[in-house]
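>>> Output the structure for:
(2 chains)
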Amino acid sequence: AQSVTQPDIHITVSEGASLELRCNYSYGATPYLFWYVQSPGQGLQLLLKYFSGDTLVQGIKGFEAEFKRSQSSFNLRKPSVHWSDAAEYFCAVGARGGSQGNLIFGKGTKLSVKP
Amino acid sequence: DAGVTQSPTHLIKTRGQQVTLRCSPKSGHDTVSWYQQALGQGPQFIFQYYEEEERQRGNFPDRFSGHQFPNYSSELNVNALLLGDSALYLCASSLSGGQMMSSGANVLTFGAGSRLTVL
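The predicted structure follows:
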């Protein structure tokens, strides 16, 4: 079955520290890969996406993610976290053909930032 | 440029009632998808509309239905509400232009959601 696993439910980091949020997927073929962020009371904002090409993708707000086919992973990283990064982060996968727009989301990782 | 707008933002219903949620897509987008996000969960795909027709459907019962209008806006209707229908309902728009194989169809812009509470 197709699924996305975000192993960490809640992560706390200090402001200025580096961040890595984990994402693993189970899919029949290499899917499209996404990271979204959701602030309290808000919808989802796209941070970055991987469709093809360079496996290290850059996104908004200083985030990057690396696609590792052998590990079926798409981990999100940021070298220095800011207090405004506190939010919930969702990894998602989408089909390359047929079911466009039908994304499968993980359960999310809540990020707290200590001053 | 307005993004995706949803209404109402919050609503409370009782079991057995019916609810209609509305969505206006981002300007230039032609496809609308609806997601249900239960508390503590990731969004789950309900269905997608393009050219006023349901193009895909997730694993949701027939109590969930929708509609897309000629101006691309959309409604989500839920009949015979259950307590378990309490959730944040998210609308997302995208541009597919009829090209199901287009990667752009996967680039979703989400609205802020409609928070439904069923008592």
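>>> partners of A:Asn24 in the sheet?
A:Thr5, A:Ser73 (DSSP bridges).
>>> Please enumerate the strands of chain A.
In chain A, the segments counted as strands under DSSP state E are A:3-5, A:10-14, A:19-21, A:24-26, A:32-38, A:44-50, A:56-58, A:64-68, A:73-78, A:87-94, A:104-105, A:109-114.
>>> out of those strands, nearest to B:Leu81?
strand A:104-105 (23.5 Å; CB to CB). Glycine gets a C-beta too; all of them are placed from N, C-alpha and C.
>>> What pairs with the closest one, parallel or antiparallel?
Strand pairing (DSSP bridges) places strand A:104-105 next to strand A:87-94 (antiparallel).
>>> roughly how far is the partner strand from the heart of the chain?
5 Å (CA atoms, centre = their mean, to the nearest Å).
>>> Same list (the strands of chain A) but as TSV, adding mean neighbour count and mean pLDDT.
As requested, the strands of chain A are exported to TSV (neighbours: other CB atoms under 10 Å in any protein chain shown; pLDDT from 0 to 100):
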stretch	mean neighbour count	mean pLDDT
strand A:3-5	17	95
strand A:10-14	13	97
strand A:19-21	18	98
strand A:24-26	17	95
strand A:32-38	24	95
strand A:44-50	20	94
strand A:56-58	14	96
strand A:64-68	18	97
strand A:73-78	20	98
strand A:87-94	24	95
strand A:104-105	22	94
strand A:109-114	16	97
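>>> To B:Gly84, which of these lies closest?
Nearest of those (CB to CB): strand A:104-105, 18.4 Å.
>>> Chain B against chain A: which residues are in contact?
By CB under 8 Å from any CB of the partner chain, the residues of chain B that approach chain A are B:4, B:31, B:33, B:40-45, B:48, B:56, B:58, B:90, B:92, B:94, B:96, B:100-103, B:105-113.
>>> List buried residues within these.
B:4, B:31, B:33, B:42-45, B:48, B:56, B:58, B:90, B:92, B:94, B:96, B:100, B:105-113 (16 or more other CB atoms under 10 Å in any protein chain shown).
>>> quick one on the thing from earlier: any idea which of the strands of chain A gets closest to B:Arg22?
strand A:44-50 (18.5 Å).
>>> partners of that closest one, with directions?
Partners of strand A:44-50 in its sheet, by DSSP bridges: strand A:32-38 (antiparallel).
>>> Would you mind measuring from the closest residue to A:Gln42 other than its chain neighbours to B:Pro8?
Distances taken as CB to CB, 6 or more residues apart in numbering or on different chains place B:Ala112 nearest to A:Gln42, at 5.6 Å, with adjacent residues excluded. Distance of B:Ala112 to B:Pro8, given as CB to CB, to the nearest Å: 11 Å.
>>> residue nearest the centroid of chain B?
Geometric centre of chain B, nearest residue: B:Trp34, 2.5 Å, by CA atoms, centre = their mean.
>>> what about that residue, which SS state?
strand (DSSP: H, G, I helix; E, B strand; the rest coil).
>>> what's the nearest residue to it if we skip its chain neighbours?
Closest residue to B:Trp34 apart from its sequence neighbours, by CB to CB, 6+ apart: B:Ile46 at 4.3 Å.
>>> Extract the CA atoms of stretch A:75-83 and return them as PDB.
Provided in PDB are the C-alpha atoms of stretch A:75-83 (Å, rounded to 0.1, in the frame of the first residue of the first chain):
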ATOM      1  CA  ASN A  75      14.300  14.400   4.400                       C
ATOM      2  CA  LEU A  76      13.900  18.100   5.000                       C
ATOM      3  CA  ARG A  77      16.800  20.200   6.400                       C
ATOM      4  CA  LYS A  78      17.500  23.700   7.500                       C
ATOM      5  CA  PRO A  79      21.000  24.800   8.700                       C
ATOM      6  CA  SER A  80      19.800  27.400  11.200                       C
ATOM      7  CA  VAL A  81      16.200  27.400  12.600                       C
ATOM      8  CA  HIS A  82      14.400  30.600  13.400                       C
ATOM      9  CA  TRP A  83      11.600  31.000  15.900                       C
END
